[in-house]
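Asker: My questions concern the predicted model and sequence given below.
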Amino acid sequence: MTDRIVPLLEGKGAWTKRDEIAAILSERLRQLTSEDALSRLAPTGILMAPVRTVEQALADPDVASDWSARLSTAMEVAIASR
Amino acid sequence: MTGIRVLAFTHYAAGPIAAQYLGSLGADVIKIEAPAGDYQRTGIKEPTAAAEAPSPYFLGINRNQRSLSIDLKKPEGQAIIREMISGADIILENFRPGVLDRMGLGSAALIEEHPRLIYCSIAAYDPAGPSRSKPGQDLIIQALSGIASLGGTADGPPVAAGAYIVDTYTASQAVIGIQAALRQRDQTGRGQWVRVDMMSCALHLLASESSYSLNAERQASRGRNGISHSHQPAPYGIYSTRDGAIALVAHPIALSDIAAAWI
């Protein structure tokens, strides 16, 4: 993959050839699970995140501890109405 | 905002969200509803829900406020609301321009009668502009403002944000305006009319993209991986994986490291 991407980075390639670079990355990423991709990329130090559903985000302990206090009434009534 | 009383003539989203923020900040917010109640209490929900079941949509954006049903078309209702207004600090409303004026509750009349009153109107479009009387809604404004044109992929249709971003941002701007008006009232003893509109707020959300549109040769456009920020270098974007998707943000220098991670 390096030999395909590095030439595209010459000059302002990261901006002007963004779609080509994305296409190469997409090819490989489609073969990996999100967890596998994130763990392989972790050593590079780039910013990255899984695309979560709202339900997954609300279940995150960091989020739930805060949101549950503020939304409890509305959320409980909303869930009860399903 | 403890000790500040708000009368909220609000419905749909931007108005209730602004009222909710004011309540979160400690204001005493009273939502004024029609005799049958805000239709969204049970009106916006999935079709399989029971008819009488409360709407999760309504519950999510109408917290932190009390409510009162009043028939404003009857003299008794008018008498009640006028007494309440005399004790209010803020009127918050998001009806189409002119609706509350026809009930004698317009900004000019009430501010003249109550000089300390802060009257905040949230509209879809500039109240002084040619579209002022047209109805608006979050998705419509996302379409008209250009926000939707920046979402989705280059080879697909435009895609709006998956949240009511214009409504929510407009509500935030309304609260900022109200806070500034309160500060000025503290200094001058006088209230004022605070006007906020969704279209202006949507364009404000596009501050970066608008600046590129006006100043740079390269225009914002959707990329193959759904990213419109033309100033962001690869691999900035959302990428599908075998079981979902991931978001990547990196300096171009890191691209070779990314590639190497798979060797």
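Answerer: The structure has been received and is ready for your questions. Numbering: from 1, shown residues only, chains lettered A, B, ... in the order given.
Asker: Helices of chain A, start to end?
Answerer: A:2-5, A:13-16, A:18-29, A:34-41, A:54-59, A:61-80 (DSSP state H).
Asker: what's the spacing between A:I5 and B:A250?
Answerer: 12 Å (Cβ to Cβ, to the nearest Å). To be clear about C-beta, it is placed using only N, CA and C from the backbone, and glycine gets the same treatment.
Asker: if I pick B:S107, what's in contact with it?
Answerer: Residues counted as contacts of B:S107 (Cβ atoms under 8 Å, 6 or more residues apart in numbering or on different chains) are B:91, B:100, B:119, B:121, B:193.
Asker: ok, then the element right after the lengthiest helix in chain B?
Answerer: Secondary structure of chain B per DSSP H: the longest helix is helix B:165-188. Using DSSP states H and E, the helix or strand that follows helix B:165-188 in sequence is strand B:193-197.
Asker: If we go by neighbour counts, what in the helix or strand that comes right after that following strand is buried?
Answerer: Sequence-wise, the next helix or strand downstream of strand B:193-197 (DSSP H and E) is helix B:198-205. Judged by neighbour count (16 or more other Cβ atoms under 10 Å in any protein chain shown), helix B:198-205 contains these buried residues: B:198-203, B:205.
Asker: what do you get for stretch B:219-237?
Answerer: Neighbour-count burial for stretch B:219-237 flags B:220, B:222-230, B:232-237 (criterion: 16+ other Cβ under 10 Å).
Asker: Report the contact partners of the residue nearest to the spatial centre of chain B.
Answerer: Centre of chain B computed as the mean C-alpha position; nearest residue by Cα atoms, centre = their mean is B:D167, 2.4 Å away. When contacts are counted by Cβ under 8 Å, 6+ apart, B:D167 touches B:12-14, B:17, B:138, B:198.
Asker: Which residue, other than its chain neighbours, is closest to it?
Answerer: Closest residue to B:D167 apart from its sequence neighbours, by Cβ to Cβ, 6 or more residues apart in numbering or on different chains: B:A13 at 3.8 Å.
Asker: Lowest mean pLDDT among the helices and strands of chain A, which one is it?
Answerer: Every helix and strand of chain A was ranked by mean pLDDT, DSSP states H and E. The lowest is helix A:61-80, at a mean of 56.
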